[in-house]
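# fold the stuff below for me.
(one chain, ligands or ions: 1)
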Amino acid sequence: EENRMNNHEKIDTQCMQETDAAHHLHPFADYRLKKEQTSRIMVRGEGAYLWDSEGNRLLDGMAGLWCTNVGYGRKSIADAVHGQMVQLPFYNTFFHTTHIPAIELAAKLVEISPPQFNHVFFAGSGSEGNDTVVRLVRHYWSKKGNPERQVIISRNNAYHGSTMAGASLGGWQSMHSQGGLPLPGIIHIGQPSYLEGGKGKTQEEFGLEAASWLEQKILDIGAENVAAFIGEPVQGAGGVIVPPVTYWPEIQRICDKYGILLIADEVICGFGRLGYWFGSEYFGIRPDLITFAKGVTSGYVPLGGVLVGDRIVSTLMEKGGEFNHGFTYSGHPIGCVAALENIRILEDEKIVERVHSDTGPYLQKKFEALAAHPLVGNAEAIGFLGGMNLVRQKGATIHDNVPFDAALQIGPTCRAHMIDCGVIMRAVAGDRLVMSPPLTLTHAEIDEMIKLIILGLDKTVEDLRQRKLL
Ligand code: PMP
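Got it, this is the predicted structure:
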């Protein structure tokens with residue numbers, strides 16, 4: 001039947017889970033709890049759906065890890081990868097060599113990106129992309145004759161990856177405290193979270209205030225010392241923090257005023273998630289660098305990189321001198337052909353346009369209506385990203401809502417109920433549940449996802465009542 005996987009072999013789930021627990025150290029996991037915890041084993045994907053080893057069918061409201069933009073099961077990507085594997089599985093792009101997939105992908109990325117971009121530097125992931133950004137930006141300012149422009153300003157609660165530079169740019173205390181981070185010259189200002197900081201203000205007022213923290217910081221340390229500002233157009237892993245509309249134009253104005261480079265980390269927002277090829281276009285900003293990964297291949301094969309704007313490339317070309325940086329897998333041919341086929345699908349099926357004018361607005365309306373549920377204090381969506389906060393009691397405005405005791409872990413509890421109901425969301429701090437589904441969802445699939453989310457919320461309410469927490 002539909003809810004069973006049409007799987008050829010029977011999987012011994014328990015045996016696999018034991019082997020996993022015995023030998024596999026998972027990312028972002030507590031290894032003390034490892035022995036008691038079992039992991040769900042995913043075995044198949046098709047469209048927006050996943051099947052686990054027990055045959056449960058799950059609507060993937062997270063697109064894997066914010067990345068399977070074209071959905072699962074695209075045979076044409078598999079075919080492209082297979083063809084390239086047979087033809088030329090690997091060659092590097094160092095020492096003045098190249099290959100057709102890297103050439104074609106570089107040209108394609110330039111074609112679909114904003115006009116200031118005519119060059120791309122390839123990496124293997126978003127984190128490597130951001131490491132590249134830190135070195136490239138500082139290299140640029142040295143070449144430009146301003147070697148003291150070293151400081152990169154980022155934001156609290158930003159997520160920019162797990163490498164040393166990625167975690168430094170990120171604004172998570174929990175990551176900084178492991179490994180002696182941030183690296184020197186990387187500092188943070190507040191995030192544009194209206195829920196966190198907007199009490200008593202309009203969205204518009206708060207957006208300008210949050211942007212003014214950048215100008216304040218620049219003045220504090222001296223513009224002559226500042227290299228760049230980096231931000232995700234919409235913070236993803238931090239909890240889908242949708243900035244007020246006044247925020248990004250003001251950030252752009254401040255960067256322009258002080259001659260500071262603007263870096264957009266589009267690892268999540270790129271490749272259609274906000275209904276544009278790049279999230280910067282949604283907000284009308286002109287970044288000098290764009291970090292990308294995830295959606296460039298829909299996660300089928302690892303690939304990341306940096307779009308490098310003309311302002312930087314023209315200086316580096318004029319001044320000369322080697323950029324001593326690169327990865328074995330910079331422009332890996334298998335990643336590049338997967339990306340080319342993924343982008344072809346996004347174009348041919350008009351997926352970005354649909355998210356922009358049809359399914360995106362539809363999803364936004366349905367998702368934001370979840371705020372009417374007794375457990376939901378507020379719900380915001382933008383394109384195919386959304387987040388909602390679970391609250392114990394609602395007040396007159398979202399700033400008057402009464403949260404649950406953080407120790408109760410209501411967010412993760414609700415996430416577990418959602419999965420039992422057949423939909424995957426992600427729980428982040430503050431009992432916030434976020435979604436980032438494949439961009440291919442139809443209206444019917446959006447309706448199903450919302451129905452399953454409501455079921456999960458209702459189950460959570462039932463559970464909390466039984467535990468006398470509501
Ligand atoms: N930047 C952003 C905005 C991200 O969301 C992520 C991953 N969630 C990264 C960078 C890091 O990418 P990766 O995990 O591919 O290194």
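
# got the domain ranges for the chain?
The chain is divided into the following domains under automatic domain parsing: 13-70+352-466, 76-348.

# what's the most buried one of those domains?
Using mean count of other Cβ atoms under 10 Å, the stretch among those with the largest mean neighbour count is domain 76-348, at a mean of 20. (Glycine included, C-beta is placed from N, CA and C.)

# pLDDT score assigned to the residue of the stretch 351-470 of the chain found nearest the ligand?
The nearest approach of the stretch 351-470 of the chain to the ligand comes at Ser436, 9.7 Å away (Cβ to the nearest ligand atom). Ser436 is assigned a predicted lDDT (pLDDT) of 98.

# interface residues of the stretch 151-300 of the chain facing the ligand?
The stretch 151-300 of the chain has residues 159-161, 166, 232, 236-237, 265, 267-268, 293 near the ligand, with proximity defined as Cβ under 6 Å from any ligand atom.

# for the stretch 301-450 of the chain, what spans make up the helices?
Taking DSSP state H, counting those that start in this stretch as the criterion, the stretch 301-450 of the chain carries its helices at 310-319, 333-348, 351-357, 359-368, 410-421, 443-466.

# any chance of these in JSON lines, plus distance to the ligand and mean pLDDT?
Shown next, in JSON lines, are the helices of the stretch 301-450 of the chain (distance: least, Cβ to the nearest ligand atom, whole Å; pLDDT from 0 to 100):
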{"stretch": "helix 310-319", "distance to the ligand": "19", "mean pLDDT": "98"}
{"stretch": "helix 333-348", "distance to the ligand": "12", "mean pLDDT": "98"}
{"stretch": "helix 351-357", "distance to the ligand": "18", "mean pLDDT": "98"}
{"stretch": "helix 359-368", "distance to the ligand": "19", "mean pLDDT": "98"}
{"stretch": "helix 410-421", "distance to the ligand": "17", "mean pLDDT": "98"}
{"stretch": "helix 443-466", "distance to the ligand": "21", "mean pLDDT": "98"}
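
# so for Gln84, which of the ones you listed sits nearest?
Using Cβ to Cβ as the criterion, the shortest distance between Gln84 and the helices of the stretch 301-450 of the chain is 4.4 Å, found for helix 333-348.

# how far does stretch 313-325 stretch from start to finish?
End-to-end span of stretch 313-325 (Cα to Cα, to the nearest Å): 15 Å.

# how far does it sit from the chain's center?
Between the mean C-alpha point of stretch 313-325 and the mean C-alpha point of its chain there is a distance of 30 Å (Cα atoms, centre = their mean, to the nearest Å).

# ok, stretch 437-444 next?
With Cα atoms, centre = their mean as the basis, the mean position of stretch 437-444 lies at 18 Å from the chain mean.

# endpoint to endpoint, that stretch covers what distance?
The first and last residues of stretch 437-444 sit 14 Å apart, counting by Cα to Cα.

# residues in contact with the residue nearest to the residue of the stretch 351-470 of the chain closest to the ligand when sequence neighbours are not counted?
When the adjacent residues along the chain are set aside, Ser436 lies closest to Trp66, with 4.6 Å between them (Cβ to Cβ, 6 or more residues apart in numbering). Residues touching Trp66, when contacts are defined by Cβ atoms under 8 Å, 6 or more residues apart in numbering, comprise 236-237, 267-268, 273, 294-295, 436.

# how about the residues you listed in TSV, adding secondary structure?
Output for the contacts of Trp66, formatted as TSV (DSSP: H, G, I helix; E, B strand; the rest coil):
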residue	secondary structure
Gly236	coil
Ala237	coil
Val267	coil
Ile268	coil
Arg273	coil
Lys294	helix
Gly295	helix
Ser436	coil
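
# so which two of those residues are the farthest from each other?
If you compare every pair in those using Cβ to Cβ, the most distant one turns out to be Ala237 and Gly295, at 14.6 Å.

# for the ligand, give me its nearest residue in this protein.
Gly126 (2.4 Å).

# need the per-residue pLDDT for that residue.
So, for Gly126, pLDDT stands at 98.

# I'd assumed Thr297 was in contact with it.
No: the pair Gly126 and Thr297 fails to qualify as a contact (Cβ atoms under 8 Å) at a distance of 11.8 Å.

# what's the spacing between stretch 104-117 and its chain's center?
Computed by Cα atoms, centre = their mean, the chain-centroid distance of stretch 104-117 equals 20 Å.

# same deal with stretch 418-426?
Worked out by Cα atoms, centre = their mean, stretch 418-426 lies 19 Å from the chain centre.

# what of stretch 41-54?
A distance of 22 Å separates the centroid of the chain from that of stretch 41-54, by Cα atoms, centre = their mean.

# over to stretch 396-403?
That offset, for stretch 396-403, works out to 27 Å (Cα atoms, centre = their mean).

# and stretch 78-97, by the same measure?
In terms of Cα atoms, centre = their mean, the centre of stretch 78-97 is set 27 Å apart from its chain centre.

# show me which of the contacts of Trp66 is closest to Leu109.
Relative to Leu109, the closest of the contacts of Trp66 is Gly295; by Cβ to Cβ it sits at 12.1 Å.

# just the pLDDT for that closest one.
In the predicted model, Gly295 carries a pLDDT score of 98.

# now stretch 169-184: mean pLDDT?
Mean pLDDT, computed over stretch 169-184, is 97.

# not counting its neighbours along the chain, what's nearest the residue nearest the centre of the chain?
Residue closest to the mean C-alpha point of the chain, counted by Cα atoms, centre = their mean, is Ile268 at 2.9 Å. The shortest distance from Ile268 to any residue that is not its chain neighbour, by Cβ to Cβ, 6+ apart, is 3.9 Å, and that residue is Gly236.

# confidence score at the one you found?
98.

# now swap in Arg4 and tell me
With respect to pLDDT, Arg4 has a value of 51.

# got the contact list for the residue of the chain closest to the ligand?
If a contact means Cβ under 8 Å, 6+ apart, then Gly126 has 160-161, 166, 265, 267, 291-294, 304 as its contacts.

# by contact count, what packs against the lowest-mean-pLDDT helix or strand in the chain?
When each helix and strand of the chain is scored by mean pLDDT, DSSP states H and E, helix 13-23 comes last, with a mean of 93. The contact analysis (3 or more Cβ pairs under 8 Å, 6 or more residues apart in numbering; DSSP states H and E) places helix 13-23 against no helix or strand.

# which residues touch it?
Contact with helix 13-23 is made by 34-35, 37-39, 41, 53-54, as judged by Cβ under 8 Å, 6+ apart.

# avg pLDDT for stretch 51-59?
What stretch 51-59 shows for mean pLDDT is 97.

# swap that for stretch 205-225, please
For stretch 205-225, mean pLDDT rounds to 98.

# quick one, phi/psi of the nearest residue to Arg40 once chain neighbours are set aside?
Beyond its immediate neighbours in the sequence, the residue positioned closest to Arg40 (Cβ to Cβ, 6+ apart) is Asp52, lying 5.2 Å away. Summarising the backbone geometry of Asp52 under the convention degrees, to the nearest 10, its torsions are phi -100, psi 180.
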